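Student: structural data only, the sequence is not supplied:
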């Protein structure tokens, strides 16, 4: 079960938000041919894998997470043939591709839901979760009521236009709640397996699974019913597609890896460990120097031990659901953040544009269900000209960064001291040293509550590399010398056990 694909040992992922990455036809919306044209950039950056957010046909009430047809690319992005070419071109460059799988819900426009909402029973009647009459409400959740011929209320996930697919309930306590092993719930599983087959046959190397921990409803602590569900999916994949790699939106690796996932994210809505690093009131990576690395490390260490080497913990620079990493930070701060992100165990995930310090654009009107998230989804900034090289149009579906100093790839590529080049250097180091890759050993050397710096060691095949990070705007001390060959640094190199303000170093210990 969950045999790890060999390529995950040195995998570094780049997250592409399709509508915001590269527009090839001038309509102000990114597309798959545009994505394909930028694969060389991603490879030259040092990433060898890509995660693509949903590109399925959709009414885009939730940026494509409201799927209308699982087996069809949204026309605004191109065609299924364009998707096939994207897979082929990525593979030709030695890269792997994961696409988003959204198994928890569809759009109300999906043909399955339209059939499910009919009065007459049919093969889709139980594909979604419905109460037994229009006056029976499902509890503290979104729902659709009084809109269809069917007598009942449809349970929804997140937005009310996203009806929940029926995987059953862990503890059905009402007549309309089906068990997780009911024929209807098992039929939903088989339908999603068929969707997975379609895309695996077309060329994807695996999936990032949206809301993976919430398919079976009302699960117990530890998510045993959802673990069993994903073990069933893993058995299917091991039999038919053993190469398929899987990363979960779950946030508890002990559970997700037991379910058969290869990777799990540290997330902003899970345990507070991730937010204590970069976001929240007093993040560790901040000039103020008021953070506490143990808020992260205590949870992370327990999570890492729980994986027992069977899977990876992924710490992303950000994603489409949270404010950008650059919010409240300058380029030097960001270099220190990336020194951490790209030297930790597991597979790093870079959100498009974070490598140049693209900014969070506060105060934008919501676009496609983004609300506050819209400010993290603005178009990629390739060049300093109209349309930023993202589009030939003067406008885009989300407004551009209007700042005079908006960062671009073109400008940073020419500046040897830029954030972009720092990220490239760090990724080149990671590629050159197995100690810095996914399965290299990890030991915390200095991490004191409320103190700086944070120092840790990575080890593999007799190689030892120490990473020392001081984001605070003051000098910091450790009770041992930080001696060795400096492989990479920002700010002054450590002297003995002293680190200068706002500095970081990657040190090879002989």
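Tutor: Alright, I've got the coordinates. This structure is a prediction, so every number in the text was calculated from the model and none was measured.

Student: okay, the residue nearest the centre of the chain: pLDDT?
Tutor: Against the mean C-alpha coordinate of the chain, by CA atoms, centre = their mean, the closest residue is residue 319 at 5.6 Å. According to the prediction, residue 319 has pLDDT 97.

Student: three-state assignment of it?
Tutor: Under DSSP: H, G, I helix; E, B strand; the rest coil, the three-state class of residue 319 is coil.

Student: do the same with the one 4 residues further on
Tutor: For residue 323, the secondary structure call by three-state DSSP comes out as coil.

Student: wait, is residue 194 part of a helix?
Tutor: Yes: under three-state DSSP, residue 194 falls within a helix.

Student: pLDDT at it, what is it?
Tutor: Taking residue 194 on its own, its pLDDT is 98.

Student: list the residues that contact the closest residue to residue 203 other than its chain neighbours.
Tutor: Once flanking residues are discounted, residue 203 sits nearest to residue 87: 3.0 Å by CB to CB, 6 or more residues apart in numbering. From N, CA and C alone the C-beta is placed, and that goes for glycine too. Contacts for residue 87 (CB atoms under 8 Å, 6 or more residues apart in numbering) come out as 97, 202-204.

Student: make it 10 Å
Tutor: Residues near residue 87 by CB atoms under 10 Å, 6 or more residues apart in numbering: 36, 50, 52, 95-97, 99, 199, 202-205.

Student: same deal with residue 100?
Tutor: 15, 18, 51-56, 64-65, 67, 207-210, 249, 320.

Student: tell me the SS of it?
Tutor: strand.

Student: now it: how far from residue 404?
Tutor: Here the criterion is CB to CB, to the nearest Å. By it, residue 100 lies 35 Å from residue 404.

Student: so where does residue 197 fall, helix or strand?
Tutor: helix 183-202 (DSSP states H and E).

Student: now residue 488
Tutor: strand 485-490.

Student: need the contact partners of the next helix or strand after that strand.
Tutor: Using DSSP H and E, the helix or strand that follows strand 485-490 in sequence is strand 498-499. With contact meaning CB under 10 Å, 6+ apart, strand 498-499 is reached by 452-453, 455, 468-470, 472, 474-478, 481-482, 491-493, 505.

Student: which ones are touching the nearest residue to residue 268 once chain neighbours are set aside?
Tutor: Among residues not flanking residue 268 along the chain, residue 322 sits closest, at 4.8 Å (CB to CB, 6+ apart). By CB under 10 Å, 6+ apart, residue 322 lies in contact with 267-269, 274-275, 278-279, 316, 351, 360, 372-373, 376.

Student: one more time with 8 Å, if that's ok
Tutor: Contacts of residue 322 by CB under 8 Å, 6+ apart are 268, 279, 373, 376.

Student: could I have the buried ones of the residues you listed as ChimeraX selection syntax?
Tutor: In ChimeraX, a selection of the buried entries from the contacts of residue 322 looks like this (16 or more other CB atoms under 10 Å):
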select :268,279,373,376
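
Student: which two from the contacts of residue 322 end up farthest apart in space?
Tutor: Put simply, by CB to CB the two of the contacts of residue 322 set farthest apart are 279 and 373, 13.3 Å from each other.

Student: so where is the protein shaky, pLDDT-wise?
Tutor: Filtered on pLDDT under 70, the chain yields the residue ranges 1-2, 510.

Student: residue at max distance from the center of it?
Tutor: When distances are taken from the C-alpha mean of the chain, residue 120 lies farthest, 40.4 Å away, according to CA atoms, centre = their mean.

Student: mind checking the SS state of that residue?
Tutor: Classified using three-state DSSP, residue 120 is coil.

Student: that one and residue 150, how far apart?
Tutor: Applying CB to CB to residue 120 and residue 150 gives a distance of 9 Å.

Student: residue 129 now?
Tutor: For residue 129, the distance to residue 150 - CB to CB - is 12 Å.

Student: any idea how far residue 392 is from residue 27?
Tutor: For residue 27 relative to residue 392 (CB to CB), the value is 9 Å.

Student: with residue 445 instead?
Tutor: Taking CB to CB, one finds residue 445 at 51 Å from residue 392.

Student: how many neighbours does residue 110 have?
Tutor: Neighbourhood size, residue 110 [other CB atoms under 10 Å]: 25.

Student: residues contacting the closest residue to it other than its chain neighbours?
Tutor: The shortest distance from residue 110 to any non-neighbouring residue, by CB to CB, 6+ apart, is to residue 68 (5.3 Å). Counting by CB under 8 Å, 6+ apart, residue 68 makes contact with 56-59, 106-107, 109-110.

Student: swap the cut-off to 7 Å and go again
Tutor: 57-59, 107, 109-110 (CB atoms under 7 Å, 6 or more residues apart in numbering).

Student: export those to JSON lines and tack on secondary structure?
Tutor: Formatted as JSON lines, the contacts of residue 68 follow (three-state DSSP):
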{"residue": "57", "secondary structure": "strand"}
{"residue": "58", "secondary structure": "coil"}
{"residue": "59", "secondary structure": "coil"}
{"residue": "107", "secondary structure": "coil"}
{"residue": "109", "secondary structure": "coil"}
{"residue": "110", "secondary structure": "coil"}
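
Student: can you lay out these as JSON lines showing distance to residue 9?
Tutor: Compiled in JSON lines, these are given as follows (distance: CB to CB, whole Å):
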{"residue": "57", "distance to residue 9": "35"}
{"residue": "58", "distance to residue 9": "35"}
{"residue": "59", "distance to residue 9": "40"}
{"residue": "107", "distance to residue 9": "38"}
{"residue": "109", "distance to residue 9": "41"}
{"residue": "110", "distance to residue 9": "38"}
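
Student: may I see the ChimeraX selection of the buried members of those?
Tutor: Listed next is the ChimeraX selection for buried residues among the contacts of residue 68, using 16+ other CB under 10 Å:
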select :57,58,59,107,109,110
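
Student: ok, the contacts of residue 68 vs residue 434, which is closest?
Tutor: Nearest member of these to residue 434, counting by CB to CB, is residue 58, at 41.0 Å.

Student: my guess is the closest one contacts residue 109, does it?
Tutor: No: using CB atoms under 7 Å, residue 58 makes no contact with residue 109, being 8.1 Å away.

Student: how about the helices in the stretch 1-150 of the chain?
Tutor: 18-21, 32-37, 39-45, 80-92, 111-116 (DSSP state H, counting those that start in this stretch).

Student: quick check: closest non-adjacent residue to residue 260.
Tutor: Residue 260 sits nearest to residue 234 (CB to CB, 6+ apart), 2.7 Å away.
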